[in-house]
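J.: Just to be clear, the model below is a prediction. Sequence and coordinates:
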Amino acid sequence: MTSRNIAALLAVLGAALLVLQWSIDRPLWLDEEILAINLRDRGVLDYFGPLWLDESAPLGWLLAGRASLLTLGTAERALRLVPVFFGLATIATAAWVGRRWMTSIGAVVLVLLCSWGQWLTFYYVELHPYSADVCFALLLPAVAGWAVDAPDRHDTTRRAALFWLLASIGQLFANGALFVTPACGLLLIVAIARRDGWRQTIPVAVAGFLWLATFVLNYVFVLRHALSSPYLSGVWAFAFPPRGAGPIDTLRWFGGTLAAFAGKPGGARIGAFFWIAATAGLALAGLTGRRVAWFFATVPASLCLLAAFRLVPLYERLSIWAVPALYVGIALLADFAFKTVAQGFSPAIAALKGCATKNSEMKTAAGVVAFTLAAFVCGDIVWQGVTATLDLRRSPQQNRALDDRTAVRWLAARKQSGDIWMTTHYGVPAVWWYAGIHEKPILEVSYEPPGPRCRQPIDLAKLLGPAPRILVYLGFRFDDVPAGFDDLLVAHVSRLGSVAGYRPVDEVGHVLVIDRLGQPGSPTTLSQLAGKMGAAAPSLRGCLLIREASVSTYDEPTSLW
């Protein structure tokens, strides 16, 4: 086997790993359920307006997901087929980039990073557009670099037109394609002008109007709804530089945020090493004639500029589209350093005879340091990905320590006519997805600390009406309710009847059935049911806010009943 084929073999192994993770068939979790509800319960024409539950996704990606659902059904594997496809395409693109512009060392590093990077591989098998973001954000700079490397003007024009065509198609499937295109397209035009003259840029610029027309349609039908959403603006406000901050405070914010970016979604434990390796690799490759490096360098630059202008949040999965370009930088550094060290072997041998120059010794030493840095960062990222993927403590039937599928189906199997569902705010989409969007009523319960609103006591019995039983699901409730909320809720509902069924579903989930027609039992708490403590009363002060869940008011402030 030739050294060139090693990267190809690793790409095949990475693809096999991805398929294996997809086959595990984990249950959906909150964000996936929200997208799945839009795919299942809304028609194609609805995708041209605001999505339910303040969700947003590219139009082409939604249509592909809808087609997959209608063709293959609503099982988790069928739903995640589109994200997996783009994950496989990302690995294939990484293999092509490595083979086209790097030696076998750089190609191996890039394929390893794109196949084993912890957060890339995580989102390859999640029902999100993030794998498409990653794919196009890797592909488009590569195609732009491929265009300027063409041997003649005709090929350059043809390849540049292909770039704009892929960018136009890409923005319908991935926001990452939209974000990287302007800087890449501008650099492409400048590079062609410097080499062939400005006259040769006219057909390239004309081809760019296709992308511009697609962008206008994309904005009208999709982007404007996300940009005008008060909920999304409020949720992601923290992921932008503080308003009114001076230059020093803004730079300090970027420093802290980019350091966090290196860990998630970058997958590296030492942020400084990650950024030094990626930046040095892109710069050294660009300065030594590999023009494609400058196109990849526009990606992190676009990431910072879009955040600075408060257009795109710089936060974890929303900025994952910039990760592959930085992985290219790390691979280019390994490639450059290895060649430098290899070239230094001859002077090193000559040094034994007293003939080596001090300059060659310094170059060799610098190459060794650079290669060590690249190897360390690559090894760190791959190790984090391997350990996360092969974590034997993680149950394949859980997703983020939850199993909404088992919990809701357990309750649905026991549901009788007239029963009422009760869950937390973030548990509502789980009921809508796994039990059905037409399951009504679903009471959404939240917590209110002591204050004026708690002085209006809720007549829970009157609110429930003649409902014979209450189906309670305590699922996703990590950041919206305080400790003790579970006991407070169960203490209230258990006063209305006996606990006819209880089951801990996963690490944090619980389901229980309250029978209002049987002989009422003594009030209990979740801690007592789970056997965690004695019969102590719940210590959390405050009250419960309850309302009927609705897709039209899902993210509006909770009202008191």
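T.: Nice, thanks for sending it over.
J.: and residue 512, what are its phi and psi?
T.: Torsion angles at residue 512 (phi, psi; degrees, to the nearest 10) stand at phi -150, psi 150.
J.: Where do the strands of this protein begin and end?
T.: Counting by DSSP state E, the chain has strands at residues 420-424, 442-448, 469-474, 498-504, 510-515, 543-548.
J.: Which among the ones you listed is found nearest to residue 54?
T.: Comparison of the strands of the chain against residue 54 by CB to CB identifies strand 442-448 as nearest, at 15.2 Å. Quick note: C-beta positions are derived from backbone N, CA and C, even for glycine.
J.: partners of that closest one in the sheet?
T.: strand 420-424 (parallel), strand 543-548 (antiparallel) (DSSP bridges).
J.: Tell me the gap between it and the middle of its chain.
T.: The chain centroid and the centroid of strand 442-448 are separated by 28 Å under CA atoms, centre = their mean, to the nearest Å.
J.: That one: which residues count as buried?
T.: Neighbour counts over strand 442-448 (16 or more other CB atoms under 10 Å) mark 442, 443, 444, 445, 446, 447 as buried.
J.: List the residues that contact residue 422.
T.: 442, 443, 445, 470, 471, 472, 473, 493 (CB atoms under 8 Å, 6 or more residues apart in numbering).
J.: Please repeat the previous calculation with a cut-off of 6 Å.
T.: The neighbourhood of residue 422, defined by CB atoms under 6 Å, 6 or more residues apart in numbering, consists of 443, 470, 472.
J.: Just the pLDDT at the closest residue to residue 204 other than its chain neighbours, thanks.
T.: Excluding its sequence neighbours, the residue lying closest to residue 204 (CB to CB, 6 or more residues apart in numbering) is residue 160, at 4.3 Å. Model confidence at residue 160, given as pLDDT, is 95.
J.: my guess is residue 160 contacts residue 147, does it?
T.: Yes - counting by CB atoms under 6 Å, residue 160 touches residue 147, with 4.5 Å between them.
J.: more neighbours, these two?
T.: residue 160 (28 against 25; other CB atoms under 10 Å).
J.: Residue 195 versus that one, what's the distance?
T.: From residue 160 across to residue 195, the span is 12 Å (CB to CB, to the nearest Å).
J.: same question, residue 152
T.: In terms of CB to CB, residue 152 sits 11 Å off from residue 195.
J.: Quick check, central residue of the chain?
T.: Note on the chain: the residue nearest the mean C-alpha position is residue 317, at 3.4 Å, using CA atoms, centre = their mean.
J.: wait, what's in contact with that residue?
T.: Contacts of residue 317 were listed using CB under 6 Å, 6+ apart, and they are residue 130.
J.: sorry, back to before: any idea which of the strands paired with strand 442-448 is most buried?
T.: strand 420-424 (a mean of 25; mean count of other CB atoms under 10 Å).
J.: from the chain's centre, how far out does that strand sit?
T.: That offset, for strand 420-424, works out to 29 Å (CA atoms, centre = their mean).
J.: go on, stretch 230-243?
T.: 18 Å.
J.: got the contact list for residue 294?
T.: With CB under 6 Å, 6+ apart, residue 294 has these contacts: residue 286.
J.: go again using 8 Å as the cut-off
T.: Applying CB under 8 Å, 6+ apart, the residues near residue 294 are 145, 187, 191, 282, 286.
J.: hmm, back to that, Serialize the contacts of residue 422 to a markdown table and add fields for distance to residue 556 and pLDDT.
T.: As requested, the contacts of residue 422 are exported to a markdown table (distance: CB to CB, whole Å; pLDDT from 0 to 100):
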| residue | distance to residue 556 | pLDDT |
| --- | --- | --- |
| 443 | 16 | 92 |
| 470 | 24 | 94 |
| 472 | 23 | 96 |
